[in-house]
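Visitor: Model the following, please.
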Amino acid sequence: MNKIRVLASTYHGAFLYPGGGEVEIVQVMSRLQSMGIEVDMYGNTSRPLMNYDVVLHFSVHGEGYSFVETAKNADRKIILWPNLWWTEQPKQADIANALRFFQMADLIIFKSQAELNNVRQYLEIDQTKLVIVDLPVARAFLDPVENNLFKKTYQLDAFFLWVGVLQRERHQLKTIRALAEIDMPMVFIGNNNDPEYFDECRKIAPSNYLFIPFMPHKSKILISAMSSCSMYIEISPEPAGLSALEAGSLGTNMVLNDSDWTDEIFENHVGKARIGDEDSIFFTVKQRMDLPTHNLELSRIIQNRHITGDPLQALVTSMKEICQTHD
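Guide: Numbering: from 1, shown residues only. Now for the predicted structure:
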């Protein structure tokens, strides 16, 4: 086989309210292409199914099942990137739904041991299908940017930053309550898909807090915001994911949720606050305000694992192995 041809897909409603997961899809596709893998996103510009060796499907959302089933019945290899993290005991219907995706998959990709352990609490996974990779961060985060670009644009000096969709499940409201008495503006960058929750957040936020609905991923102004903030904060029940890795690659002072994922990825280089605990959030942030705004060791760790190294090499190697039957 000279070149593996991959059709990337997800459930059809994913890009109606794009967030970190959708940015992740684009980033993974870009990194695979840089490694010599031919990747198209399913849509009006992709070719007929039989032109592809592999369907790389993101999510176990039920809307995507018939698509994956069709590809499986057409004898395409199925690689599942489930993006699955249960924050509480899932319903049996949700477990059964995930399991049917897992059973169809030839490979199942997890981005950390913590993510795998979370899912394994509730269902068994065929060990022979498992591949653990490091989520790739765009090389744009290695490029120099004007550090004060964001500050000058929004007339800020020091500020806290949270990047990601504003939604109730992510607990931004609790963080706003926890930090409201600290004399530091906080900037939220991200769309919202719940106007009622957005209004609640804005209503209790101090007047110097900023809510910016959108900034292009990898843009110089977004990178400038991450590199120039006094602290990057993201304390939600699910792992912070790509945005935290991007901030980490810049060595930014950070406070994340106290979880196995944070321990695995960031070790002891970030502050860890208990999810939903306003006192824990307040005291963790206050303690880290006296630290330098940048950590060179954190930057080195994240860059080596997620940018300059080969974060998806295990996926490419396994993909080539399962495609041998198509030669």
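
Visitor: what's the spacing between the least confident helix or strand in the chain by mean pLDDT and its chain's center?
Guide: Every helix and strand of the chain was ranked by mean pLDDT, DSSP states H and E. The lowest is helix 20-34, at a mean of 91. Taking Cα atoms, centre = their mean, to the nearest Å, one finds helix 20-34 lying 10 Å from the centre of the chain it belongs to.

Visitor: hey, C-alpha coordinates of it in CSV?
Guide: Taking Å, rounded to 0.1, in the frame of the first residue of the first chain, the C-alpha atoms of helix 20-34 are listed here in CSV:
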residue,chain,number,x,y,z
GLY,A,20,-12.8,22.2,21.5
GLY,A,21,-13.7,18.8,20.1
GLU,A,22,-14.3,20.2,16.6
VAL,A,23,-11.0,22.1,16.8
GLU,A,24,-9.4,18.8,17.8
ILE,A,25,-10.7,17.1,14.7
VAL,A,26,-9.1,19.7,12.4
GLN,A,27,-5.8,19.6,14.3
VAL,A,28,-5.6,15.8,14.2
MET,A,29,-6.3,15.8,10.4
SER,A,30,-3.7,18.4,9.9
ARG,A,31,-1.0,16.5,11.8
LEU,A,32,-1.9,13.2,9.9
GLN,A,33,-1.6,15.0,6.6
SER,A,34,1.9,16.3,7.6
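
Visitor: i'd like the first residue to be 48 from this point on
Guide: Let's use 48 as the start, then, which means that last one is helix 67-81.

Visitor: May I see the buried residues of that helix?
Guide: 67-72, 74-76, 78-79 (16 or more other Cβ atoms under 10 Å). Glycine gets a C-beta too; all of them are placed from N, C-alpha and C.

Visitor: How about stretch 160-168?
Guide: Residues of stretch 160-168 classed as buried by neighbour count (16+ other Cβ under 10 Å): 161-163, 165-166.

Visitor: Next: stretch 198-208.
Guide: By 16+ other Cβ under 10 Å, the buried positions in stretch 198-208 come out as 198, 203, 206-208.

Visitor: Looking at the buried residues of helix 67-81, which is nearest residue 156?
Guide: residue 75 (9.1 Å; Cβ to Cβ).
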